[in-house]
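Chemist: Here's my sequence, what's the structure:
(chains A and B)
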There are 2 protein chains.
Amino acid sequence: MKMENPTPIQWQFSERAQQLQSSVIREILKVTVRPEVISFAGGLPSPETFPVERMRAAFDTVLSKQGKVALQYGPTDGYGPLREWIADSLSTDGAKIVPEQVLMVSGSQQGLDLLAKVLVDEGSKVLVETPSYLGALQAFSVYRPEFVSVPTDDHGLIPEQLGSVAQGARLLYALPNFQNPTGRSLSVERRAALVETCARLGLPLIEDDPYGALSYRGEPLPKMLTMNPNGVIYMGSFSKVLTPGIRLGYVVAPVPLIRKLEQAKQAADLHTAQLTQMVVHEVVKDGFLKEHIPTIRKLYSDQCQAMLGALTEFFPSSVTWTTPEGGMFIWVTLPKHIDSMKLLDEAIAQNVAFVPGAPFYANAAEKNTLRLSFVTVPPAKIREGVEKLGKLIKSKL
Amino acid sequence: MKMENPTPIQWQFSERAQQLQSSVIREILKVTVRPEVISFAGGLPSPETFPVERMRAAFDTVLSKQGKVALQYGPTDGYGPLREWIADSLSTDGAKIVPEQVLMVSGSQQGLDLLAKVLVDEGSKVLVETPSYLGALQAFSVYRPEFVSVPTDDHGLIPEQLGSVAQGARLLYALPNFQNPTGRSLSVERRAALVETCARLGLPLIEDDPYGALSYRGEPLPKMLTMNPNGVIYMGSFSKVLTPGIRLGYVVAPVPLIRKLEQAKQAADLHTAQLTQMVVHEVVKDGFLKEHIPTIRKLYSDQCQAMLGALTEFFPSSVTWTTPEGGMFIWVTLPKHIDSMKLLDEAIAQNVAFVPGAPFYANAAEKNTLRLSFVTVPPAKIREGVEKLGKLIKSKL
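Modeler: Numbers count the residues shown, from 1 in each chain, chains lettered A, B, ... in the order given. The predicted structure is shown next:
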């Protein structure tokens, strides 16, 4: 029945698809799977932190007790008890979050896609931090916005700089805790100022918070969501506190927006796996994260200290870096004349990898920056990798 | 820290979001969860067919043996061994499919979303069957195409009718096996003619095949993919042969299109759950589906016969219906003056539900049609429900 020599199709891609590109990070990750490479490139959490046995037991319980429900199609907005658990865990004395404000998504990345799908037209102004999370820029780009980079300093985004650029913008995207890529956090005062400014401007504020729980010292700073539940869109994820391979995140927003996002999700993938949601609920419902998260904090904090020590020891004084108080990343600024993209080729030849900073800028990239992740590399290897990188940088001075 | 009386945001939705609507089916399903309702409305497979114990054992095996890999981020294109299995299972003597042509997606619905995202601009002509699968219309609608309905008859889509409307179209979407909603299948001759016509026109042909394996008699008809692997985009799913709640499907297409879809998927949700893919591979790799699928065919065939018998017994002679040779649906055509949407309200009042036909038409709906699913209702209840519906219809004559 096969056709003889059919003419191959000339694919005509949509305008939005023509500009799609593969993430630089994922391309780099393909290179760095060689076991001899010390990779500071990944944004992956450490598999040492995955509660494998706990997950195995939960799959067993859910499938044994409620297998036919767990394996059937489920509601688009998500598994009710898990949405309740999330709403409860985000509620504070002053700000009550209800389950109707929670939409379960197939990882935070899907939340970004759905938000842009629903809020962004071609040419819409979208405000992002300088630099910003690459995956968000990628998700938003599909809908062809005009990106506006809001200035930042060591304390994160500068709310005072917002007024002049926010006119007519559709959203502001911020990552206030241990930001990807810089590791910086937004101070409490700035959070309050940002929330107030956005409310005054009628500007939807997206608070993306995958790393918030990973604070090395004491309790995390208050969420912007709790400062104005009617104006802030909060994004959470189980990827960094449980495991990323199950693809489970959530968007918390005012109900009119959730209803619209739910319609978009229905068209995009009907719903997120019911089984996974039931299993995660089974794992978290009795307070497991309260015991588990401190073990992740400890591991990451120790490895962060190892990297900060090695940077001080091996990097020349003309290089600066951030000192994160949580999360997974350190941001390095090289002397102006060093292009980190070019440096990467030489580093990989010496079996060390990192992510160049340029792709994290929506506009006017600072090419002398790079991102280091310390969470999947043991301290001795961190030292070895940073030493190699330090020598390489010194050879460029 | 909570703001005092912030002004609620006036949400400005994107143009594409303004036209988004919730699926009629999912709205109806919400009404029909009452246990006293005999529902022929669902598109859900029967939970009796879910191999719960087999799935439980496979989760146990994968998490015990490869837990840390299964719970980590994975590649965007999918889990290699499963892509290989799919490529092998689709290959025929004449047409070899390679794993590079396979993209794993979070259920077929995501395949539809990604295909439209990558192939459809606003106003692009998109060809669909009359009637067509509602979920596809919903997924494509987001990208605001101009739908063109291609005429069909009892043997499915009519290839000769294509030439006059296909000029400049971006894709043709067809569901050749036991179509949703009609239960009709495209004959072998028409498959060949359709593949040839599309190749001649340079028109991408989407072959959506969730029900293909559910043939009641003998082997399924040849796939259009195998007639022209360079011009056909094939969509498969584990939802109807294994379980839908895990959300796992795949797109098979020429490599240049797969690469573009992969970029779109990366922006949309990074990748489909690695754990789920490993578990499904564990379940299917040793031929489990060869034993399992016949049990589904038998169940659905018996219930289909029960429904066809009841229709003959209780429906008036002015009503006609399709006689499917596989799959999950029967399509009913009422006398012209009966609007099935209005009939539904009365049916629900009598605790019987179905899906009105109108939403399945991209243009010019035939309001006197409806879809019946027989797979989740036992034969005695099928008889009871059809009898009630028959009386209701007779009361309108």
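Chemist: can you give me the strands for the stretch 101-250 of chain A?
Modeler: Using DSSP state E, counting those that start in this stretch, the strands of the stretch 101-250 of chain A run over residues A:102-105, A:125-129, A:146-150, A:152-153, A:156-157, A:169-174, A:205-208, A:232-237, A:249-252.
Chemist: packing partners for the fifth one?
Modeler: Using 3 or more C-beta pairs under 8 Å, 6 or more residues apart in numbering or on different chains; DSSP states H and E as the contact definition, the elements that strand A:156-157 packs against are helix A:188-201. All C-beta spots, glycine's among them, are computed from the backbone N, C-alpha and C.
Chemist: What residues sit buried inside the helix it packs on?
Modeler: Neighbour counts over helix A:188-201 (16 or more other C-beta atoms under 10 Å in any protein chain shown) mark A:190, A:191, A:192, A:193, A:194, A:195, A:196, A:197, A:198, A:199, A:201 as buried.
Chemist: what is the orientation angle of it with strand A:169-174?
Modeler: For helix A:188-201 and strand A:169-174, the angle between their directions (axes from the mean of the first three to the mean of the last three C-alpha atoms, to 10 degrees) works out to 170 degrees.
Chemist: Of all the strands of the stretch 101-250 of chain A, which one is nearest residue B:178?
Modeler: strand A:102-105 (31.2 Å; C-beta to C-beta).
Chemist: Residue A:100 and residue B:34, how far apart?
Modeler: Note on residue A:100: its distance to residue B:34, by C-beta to C-beta, to the nearest Å, is 21 Å.
Chemist: about what we covered before: include mean neighbour count when you put the strands of the stretch 101-250 of chain A into JSON lines, please.
Modeler: Converted to JSON lines, the strands of the stretch 101-250 of chain A look like this (neighbours: other C-beta atoms under 10 Å in any protein chain shown):
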{"stretch": "strand A:102-105", "mean neighbour count": "27"}
{"stretch": "strand A:125-129", "mean neighbour count": "24"}
{"stretch": "strand A:146-150", "mean neighbour count": "18"}
{"stretch": "strand A:152-153", "mean neighbour count": "15"}
{"stretch": "strand A:156-157", "mean neighbour count": "24"}
{"stretch": "strand A:169-174", "mean neighbour count": "25"}
{"stretch": "strand A:205-208", "mean neighbour count": "26"}
{"stretch": "strand A:232-237", "mean neighbour count": "26"}
{"stretch": "strand A:249-252", "mean neighbour count": "26"}
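Chemist: Same list (those strands) but as CSV, adding distance to residue B:145 and mean pLDDT.
Modeler: Output for the strands of the stretch 101-250 of chain A, formatted as CSV (distance: least, C-beta to C-beta, whole Å; pLDDT from 0 to 100):
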stretch, distance to residue B:145, mean pLDDT
strand A:102-105, 25, 98
strand A:125-129, 25, 98
strand A:146-150, 25, 96
strand A:152-153, 40, 93
strand A:156-157, 38, 92
strand A:169-174, 24, 97
strand A:205-208, 29, 98
strand A:232-237, 29, 98
strand A:249-252, 27, 98
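Chemist: These into CSV, with extra columns for distance to residue B:332?
Modeler: CSV is the format used below for the strands of the stretch 101-250 of chain A (distance: least, C-beta to C-beta, whole Å):
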stretch, distance to residue B:332
strand A:102-105, 35
strand A:125-129, 48
strand A:146-150, 51
strand A:152-153, 61
strand A:156-157, 59
strand A:169-174, 45
strand A:205-208, 47
strand A:232-237, 44
strand A:249-252, 40
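Chemist: wait, which of those strands is closest to residue B:21?
Modeler: strand A:102-105 (16.8 Å).
Chemist: Identify the residues contacting the closest one?
Modeler: A:77-79, A:82-83, A:86-87, A:111, A:114, A:248-253, A:258, A:261-262, A:265, A:271-272, A:277 (C-beta atoms under 8 Å, 6 or more residues apart in numbering or on different chains).
Chemist: Got a PyMOL select line for the buried ones in those residues?
Modeler: Restricted to buried positions by 16+ other C-beta under 10 Å, the PyMOL selection for those reads:
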select buried, chain A and resi 77+78+79+82+83+86+87+111+114+248+249+250+251+252+253+258+261+262+265+271+272+277
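Chemist: same for chain B: which of the contacts of strand A:102-105 are within range?
Modeler: Residues of the contacts of strand A:102-105 in contact with chain B (C-beta under 8 Å from any C-beta of the partner chain): A:262, A:271, A:272.
Chemist: Looking at these, spot the one nearest residue B:239.
Modeler: residue A:271 (11.8 Å).
Chemist: Show me what from the stretch 251-397 of chain A comes close to chain B.
Modeler: A:254, A:256-257, A:260, A:262-264, A:266-276.
Chemist: List only buried entries from these.
Modeler: For those, a burial check counting by 16+ other C-beta under 10 Å picks out A:254, A:257, A:260, A:262-264, A:266-276.
Chemist: hey, where'd the helices end up in chain A?
Modeler: Assigned by DSSP state H, the helices in chain A fall at A:15-18, A:24-31, A:52-70, A:80-90, A:108-119, A:134-141, A:188-201, A:224-227, A:255-269, A:274-284, A:288-314, A:340-349, A:379-394.
Chemist: Would you mind pulling up the elements that the lowest-mean-pLDDT helix or strand in chain A packs against?
Modeler: Here the helix or strand of chain A ranked lowest by mean pLDDT, DSSP states H and E is helix A:24-31, holding a mean of 73. The elements that helix A:24-31 packs onto, with contact taken as 3+ C-beta pairs under 8 Å, 6+ apart, are strand A:355-356.
Chemist: Report the mean per-residue pLDDT for stretch A:80-95.
Modeler: Averaged over stretch A:80-95, pLDDT sits at 96.
Chemist: tell me how far that stretch is from the chain's mean position?
Modeler: 21 Å (C-alpha atoms, centre = their mean, to the nearest Å).
Chemist: Please spell out which residues along that stretch are buried.
Modeler: Across stretch A:80-95, burial judged by 16+ other C-beta under 10 Å covers A:82, A:83, A:85, A:86, A:87, A:90, A:95.
Chemist: And for stretch A:348-356?
Modeler: A:348, A:351, A:352, A:353, A:354, A:355, A:356.
Chemist: Nearest to the spatial middle of chain A, which residue is it?
Modeler: Per C-alpha atoms, centre = their mean, the C-alpha nearest to the average position across chain A is that of residue A:210, at 5.5 Å.
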